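Q: Fold the following.
(one chain, ligands or ions: 1)
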Amino acid sequence: MTLSLSNPALFIERALIDGAWVGATSGATLDVDNPATGAIIGTIADCGEADTQAAVDAAQAAWPAWRAKTAGERASLLERWYALVMDNLADLGRIMTAEQGKPLAEAEGEIRYAASFIKWFAEEGRRIDGSIIPAPEANRRILVMKEPVGVSAAITPWNFPAAMITRKCAPALAAGCPVVVKPSELTPYTALALIKLADEAGFPRGVINIVTGQAAPIGAVLTGSEAVRKLSFTGSTRVGALLMRQSADTIKRLSLELGGNAPLIVFDDADVDLAVAATMASKFRNAGQTCVCANRILVQDGIHDAFAEKLAKAVSALKIAPGDQDGSTIGPLINQAAAEKVKAHVEDALAHGATLFAQAPEGATGARFARPVILTGATRDMLLASEETFGPVAPLFRFTHEEEGIALANDTSFGLASYFYTENLHRAFRVGERLEAGMVVLNTGGMAMEMAPFGGIKQSGLGREGAHAGIEEYLETKAFHIGGL
Ligand code: ADP
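A: Numbers count the residues shown, from 1 in each chain. Coordinates of the predicted model:
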């Protein structure tokens, strides 16, 4: 272990199955590296089908007692978990930066954000209620009850190694569902540390299980199992579609949070400084590796040049450096393939007539570091118009009329986040209502917060996370008819 932690017990290389920290039955392991240096941080258990099945069986066995607990009892455990996460914030941040690459300040920010879901759903679990519907006969009552869906699987990506775990597990647990978590094999240690803290908080044996390793065999068991009633996945649309197909035979409940291709529209009547600050936050967080990062920046003629100049100035203040270095704002990309995709998108755009308008100062130059760039003259025939770049590339598309801006924004198969900037109230409503996205963001930079529903339409997915909607994903509706009264 190359990490220096105040609590070294948080660095775990085993899986948690039925209350025991274990290696894979086969003894197989996988290496995990640090994207800033390529150095191996450690190994994880390469759990196969049998280990995953054991985790599912443990969760299934734990379900009756877990669902029978009161909401208050479940809330107490979640509150204890929340407190432990906050107490270990610095270590969790260090683990995340080591395996994921993001700057330490961003990593700590993500831990706080991750913890916020635990707290929110501890509270929200107390507010699962039902209703009574007037019946067609005087001696009948119709009660509508909410019940936990059952064993829930969570498959999570590498770009938010902590928040995607808690955004799924906290509502599932609060609703009375046991969980089997499979974190990304690229960033397993943050997840393992979080689950270790949950274990310390005192969740009963089998209620929380985590399996690590190669994705396909684990995914096959989780999707194929009848005992698993619900799958919540965050990741690529390609894998989301695959898991949906694999889940078809068992008619599983699904929440899918998939790719985006977020437009960010700057209208002539925008507050340009606000639009620049919001673009910086949206575009360059996690070096551009978030599903809500602005992928296409659509700028109206009248404000285009002023916006581009100010954005260039802001980009010149970025610092490309390993995430554990002071002042780093742009860490490495997750792997070589990610760095190559960014390069390919920029080359393709330049070959199709874009101009390299500005770039961040040179910094760390390792193979996975990408230099933030602003491209002007972007058009819809470029790769970066139709695919998520997932890197620090800010392409500016120019448009003239409002209608054209809206059409460009909606010209994608995705519909996760859309951002726009205007000071005109009429335009704010006109545009906001027409943007095809699960989340529309006007005159600010972010939308990821525990109390607001997060999710997409079109090929960006199904279901919502966060808010009360986030716990509904783990509840079934039962109509209870009582006659002969
Ligand atoms: P990203 O592009 O963000 O890496 P992926 O969709 O590849 O997204 O990965 C998201 C999660 O899905 C990760 O935990 C990954 O291991 C998992 N995954 C990838 N392929 C499969 C699969 N065939 N079955 C189950 N999970 C998978």
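Q: any idea of the mean pLDDT in the one helix or strand M145 maps to?
A: M145 is part of strand 141-148, with elements assigned from DSSP states H and E. Strand 141-148 carries an average pLDDT of 98.
Q: For A45, give me its contacts.
A: Listed by C-beta atoms under 8 Å, 6 or more residues apart in numbering, the contact set of A45 reads E13, R14, A15, V22, G23, A24, A28, T29, D51, V211, T212, G213. For the C-beta atoms, the positions are set from N, CA and C on the backbone; glycine is no exception.
Q: for the last one, what are its contacts?
A: Looking back up the chat, that one is G213. Counting by C-beta under 8 Å, 6+ apart, G213 has contacts A15, A24, A28, L30, I44, A45, D46, C47, G48, D51, E185.
Q: I'd like to know how many residues surround M447.
A: By the criterion of other C-beta atoms under 10 Å, M447 has 18 neighbours.
Q: can you give me phi and psi for it?
A: phi -150, psi 0 (degrees, to the nearest 10).
Q: separation between it and the ligand?
A: 19 Å (C-beta to the nearest ligand atom, to the nearest Å).
Q: again with A364
A: 22 Å.
Q: so who does T477 touch?
A: Counting by C-beta under 8 Å, 6+ apart, T477 touches V144, M145, K146.
Q: what is the rounded mean pLDDT of the helix or strand that contains E347?
A: Assessed by DSSP H and E, E347 sits inside helix 336-351. Averaged over helix 336-351, pLDDT sits at 97.
Q: would you list every one of the strands in the stretch 251-400 of the chain?
A: For the stretch 251-400 of the chain, applying DSSP state E, counting those that start in this stretch gives strands covering 253-257, 262-266, 294-300, 355-359, 373-376, 393-399.
Q: What of the stretch 51-200 of the chain?
A: Using DSSP E, counting those that start in this stretch, strands in the stretch 51-200 of the chain cover 131-133, 141-148, 151-155, 179-182.
Q: Contacts for the second one, please.
A: Applying C-beta under 8 Å, 6+ apart, the set of residues contacting strand 141-148 from outside is 63, 67, 128-135, 175-177, 474-482, 485.
Q: Can you say which of the residues you listed are buried?
A: When those are checked for burial by 16 or more other C-beta atoms under 10 Å, the buried set is W63, I128, A175, G176, C177, Y474, L475.
Q: Pipe these into a markdown table and attach distance to the ligand and pLDDT per row.
A: Shown next, in a markdown table, are those (distance: C-beta to the nearest ligand atom, whole Å; pLDDT from 0 to 100):
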| residue | distance to the ligand | pLDDT |
| --- | --- | --- |
| W63 | 23 | 98 |
| I128 | 28 | 97 |
| A175 | 22 | 98 |
| G176 | 25 | 98 |
| C177 | 19 | 99 |
| Y474 | 20 | 98 |
| L475 | 24 | 98 |
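Q: can you redo these as a markdown table with distance to I95?
A: Formatted as a markdown table, those follow (distance: C-beta to C-beta, whole Å):
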| residue | distance to I95 |
| --- | --- |
| W63 | 30 |
| I128 | 33 |
| A175 | 28 |
| G176 | 30 |
| C177 | 26 |
| Y474 | 27 |
| L475 | 32 |
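Q: so which of those residues would you say is closest to A308?
A: Y474 (45.3 Å; C-beta to C-beta).
Q: and the nearest residue to that closest one once chain neighbours are set aside, what does it touch?
A: Take Y474 and drop its neighbours on the chain: the residue closest to it by C-beta to C-beta, 6 or more residues apart in numbering is A175, 3.9 Å away. Contacts for A175 were tallied using C-beta under 8 Å, 6+ apart; they are G125, I128, P148, V149, I471, Y474, L475.
Q: And the residues you listed, which two are furthest apart?
A: Maximum distance among those (C-beta to C-beta): 13.9 Å, for G125 and V149.
Q: neighbour count winner among these two?
A: In terms of neighbours (other C-beta under 10 Å), G125 is the more surrounded of G125 and V149; the figures are 23 against 19.
Q: Surely that one and K69 touch.
A: No: contact criterion C-beta atoms under 8 Å: G125 and K69 do not qualify, at 10.2 Å.
Q: rewinding a little: let me have the contacts of A175 in JSON lines, adding distance to F397 as columns.
A: What follows is these, written out as JSON lines (distance: C-beta to C-beta, whole Å):
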{"residue": "G125", "distance to F397": "44"}
{"residue": "I128", "distance to F397": "45"}
{"residue": "P148", "distance to F397": "46"}
{"residue": "V149", "distance to F397": "42"}
{"residue": "I471", "distance to F397": "39"}
{"residue": "Y474", "distance to F397": "40"}
{"residue": "L475", "distance to F397": "42"}
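Q: so what's the residue nearest to H304 when sequence neighbours are not counted bridging to?
A: Excluding the flanking residues, the one nearest H304 by C-beta to C-beta, 6+ apart is R398, at 5.5 Å. Under the criterion DSSP bridges, R398 forms beta bridges with V299.
Q: and R398, how many residues sit next to it?
A: Neighbours of R398 using other C-beta under 10 Å come to 17.
Q: will you turn the strands of the stretch 51-200 of the chain into CSV that also has distance to the ligand?
A: Supplementary listing: the strands of the stretch 51-200 of the chain in CSV, determined by distance: least, C-beta to the nearest ligand atom, whole Å:
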stretch, distance to the ligand
strand 131-133, 37
strand 141-148, 23
strand 151-155, 5
strand 179-182, 6
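Q: Now those strands in CSV, please, with extra columns for distance to R427.
A: Converted to CSV, the strands of the stretch 51-200 of the chain look like this (distance: least, C-beta to C-beta, whole Å):
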stretch, distance to R427
strand 131-133, 40
strand 141-148, 40
strand 151-155, 40
strand 179-182, 44
